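Undergrad: show me the folded form of this:
(one chain, ligands or ions: 1)
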Amino acid sequence: MKSVLVTGTSSGFGLVATIELARRGWQVVATMRSPARRGLLDAAVAQAGVGDRVHIETLDVTVPDSVDSGWQQALEITGGRIDAIVHNAGIAVAGAFEDLPNQDERRVMETNFWGVLALTRVALPTMRRQKSGRILVVSSNSAYTGEPANSIYCASKWAVEGWAESLAFEVSQFGLDVILVEPGPYRTEIWENSPRVLPEGSVYTDFLRRLEKAIDERVATRARDPREVATVIADALETDSPRFRYPVSPQARIGLLLRGVLPTTWHRALVSRLLGLDRGPGRRPT
Ligand SMILES: NC(=O)c1ccc[n+]([C@@H]2O[C@H](COP(=O)([O-])OP(=O)(O)OC[C@H]3O[C@@H](n4cnc5c(N)ncnc54)[C@H](OP(=O)(O)O)[C@@H]3O)[C@@H](O)[C@H]2O)c1
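TA: Below is the predicted model:
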């Protein structure tokens with residue numbers, strides 16, 4: 001039985017990927033930062049009848065001791081071998097850069113970037129010794145281009161992709177694959193859980209109100225079923241020759257294509273037009 005450790009399994013992609021992988025016969029160490037949040041996963045595991053293959057453990061990717069003990073616990077459960085890691089835990093905070101509290105920005109980087117590095121560092125000696133393993137990072141189509149009011153989230157995903165692309169050079173000699181899964185918008189809890197920062201009297205109030213309306217009307221309503229992403233994650237872990245990059249959803253595939261061909265200023269003008277951000281004096285993209 002192949003084994004996988006997944007982070008952030010209390011909801012969203014982490015939860016549905018746990019179920020998909022367990023259904024396919026994987027032994028899943030499903031980790032979450034707070035065991036009090038295990039209710040949804042417990043219910044999904046019971047409904048899918050995969051309780052014998054899912055082990056729920058505590059792992060907060062921002063706490064070094066928790067990363068160490070979560071990994072050791074996983075090794076004990078699997079008998080010392082882990083075939084794959086799914087770095088899924090992630091958070092976002094929306095708002096104009098100038099308004100974002102520094103501690104919120106740091107929290108995003110600690111989770112989406114440093115958390116991935118910390119767990120990988122702990123896992124690499126085991127995976128190198130195994131001479132095989134897959135390190136899969138749930139990135140985002142936000143890694144392709146900048147996005148308004150999403151600067152720190154984009155920065156975290158750009159950063160993790162640069163790291164992953166570099167790491168892949170170093171670890172392929174040990175039989176390890178590094179994989180990016182890059183979803184577009186999907187219906188998970190991240191939309192409700194992410195704080196939207198808009199301080200009283202912000203000079204960005206008008207801009208953010210228009211953006212929020214456009215996102216709610218044009219992006220959130222098109223968000224798709226997260227099980228599509230779970231299927232791609234499981235396929236990427238099972239295929240004989242994984243690709244490095246898996247854009248998921250039409251938005252992500254188009255975004256990746258455009259990144260390669262469209263000059264950045266044209267892209268900014270297009271997105272500003274689509275989101276209604278280019279109206280009013282001084283608001284034209286420069
Ligand atoms: N949904 C989308 O449209 C979308 C698109 C592209 C990429 N993504 C990426 O997909 C990944 C999963 O997000 P999601 O959309 O499934 O959102 P979600 O439902 O909010 O799930 C995020 C998960 O990460 C966990 N988490 C947060 N901080 C953590 C920490 N310090 N340690 C361990 N776990 C932590 C959360 O746990 P708690 O329950 O304790 O908060 C939750 O289980 C993220 O990396 C996100 O950036 C999402």
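
Undergrad: D177 contacts A164, correct?
TA: No - contact between D177 and A164 fails when scored by CB atoms under 8 Å: they sit 10.7 Å apart. Just so you know, the C-beta spots here come from the backbone N, C-alpha and C atoms, and that holds for glycine as well.

Undergrad: looking at these two, which is more packed in?
TA: Higher neighbour count among D177 and A164: A164, with 23 against 20, using other CB atoms under 10 Å.

Undergrad: which SS class is the more buried one?
TA: Secondary structure, DSSP: H, G, I helix; E, B strand; the rest coil: A164 is helix.

Undergrad: shared neighbours of D177 and A164, anything?
TA: Common contacts of D177 and A164 (CB atoms under 8 Å, 6 or more residues apart in numbering): I135.

Undergrad: now do the strands in the stretch 51-200 of the chain.
TA: 54-58, 84-87, 133-138, 176-183 (DSSP state E, counting those that start in this stretch).

Undergrad: can the longest one be said to contact the ligand?
TA: In other words, strand 176-183. Yes - using CB under 6 Å from any ligand atom, strand 176-183 reaches the ligand at P183.

Undergrad: for that strand, packing partners?
TA: Counting contacts by 3 or more CB pairs under 8 Å, 6 or more residues apart in numbering; DSSP states H and E, strand 176-183 packs against helix 115-130, strand 133-138, helix 151-171, helix 227-238, strand 245-248, helix 250-261.

Undergrad: how about the residues of the stretch 101-250 of the chain near the ligand?
TA: Counting by CB under 6 Å from any ligand atom, the stretch 101-250 of the chain comes close to the ligand at 111, 138, 140, 183, 185-186, 188-190, 193.

Undergrad: now the residues you listed as TSV including pLDDT?
TA: Output for these, formatted as TSV (pLDDT from 0 to 100):
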residue	pLDDT
T111	98
V138	99
S140	98
P183	98
P185	95
Y186	96
T188	96
E189	94
I190	93
N193	90
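
Undergrad: just among those residues, which is most surrounded?
TA: Neighbour max across those (other CB under 10 Å) = S140, 31 neighbours.

Undergrad: where does pLDDT dip in this protein?
TA: Across the chain, the ranges flagged by pLDDT under 70 are 279-286.

Undergrad: middle-most residue in it, spatially?
TA: When the chain is reduced to its mean C-alpha position, the nearest residue by CA atoms, centre = their mean turns out to be V138, at 3.6 Å.

Undergrad: hmm, back to that, among the helices and strands packed on strand 176-183, which comes closest to L15?
TA: Across the helices and strands packed on strand 176-183, L15 has its closest neighbour in helix 227-238 (8.7 Å, CB to CB).

Undergrad: other SSEs contacting the closest one?
TA: When contacts are defined as 3+ CB pairs under 8 Å, 6+ apart, helix 227-238 packs onto helix 12-23, strand 84-87, strand 133-138, strand 176-183, strand 245-248.

Undergrad: what residues does the third one touch?
TA: The set of residues that contact strand 133-138 without belonging to it, under CB under 8 Å, 6+ apart, is 13, 82-88, 90, 116, 120, 123, 127, 160-161, 164, 167, 171, 175-181, 183, 229, 233, 236-237, 242.

Undergrad: how about P35, phi and psi?
TA: Main-chain torsions, P35, degrees, to the nearest 10: phi -60, psi -20.

Undergrad: tell me how far it lies from the ligand.
TA: Counting by CB to the nearest ligand atom, to the nearest Å, the gap from P35 to the ligand is 10 Å.

Undergrad: surely that residue meets D60?
TA: No - the criterion here is CB under 8 Å, and P35 misses it with D60 at 10.8 Å.

Undergrad: these two - which one has more neighbours?
TA: More crowded of P35 and D60, by other CB under 10 Å: D60, with 19 against 11.

Undergrad: got a list of what the closest residue to that one other than its chain neighbours touches?
TA: Nearest residue to D60 in three dimensions, chain neighbours excluded: R33, at 3.8 Å (CB to CB, 6 or more residues apart in numbering). Applying CB under 8 Å, 6+ apart to R33 gives the contacts 8, 10, 58-62, 66, 89.
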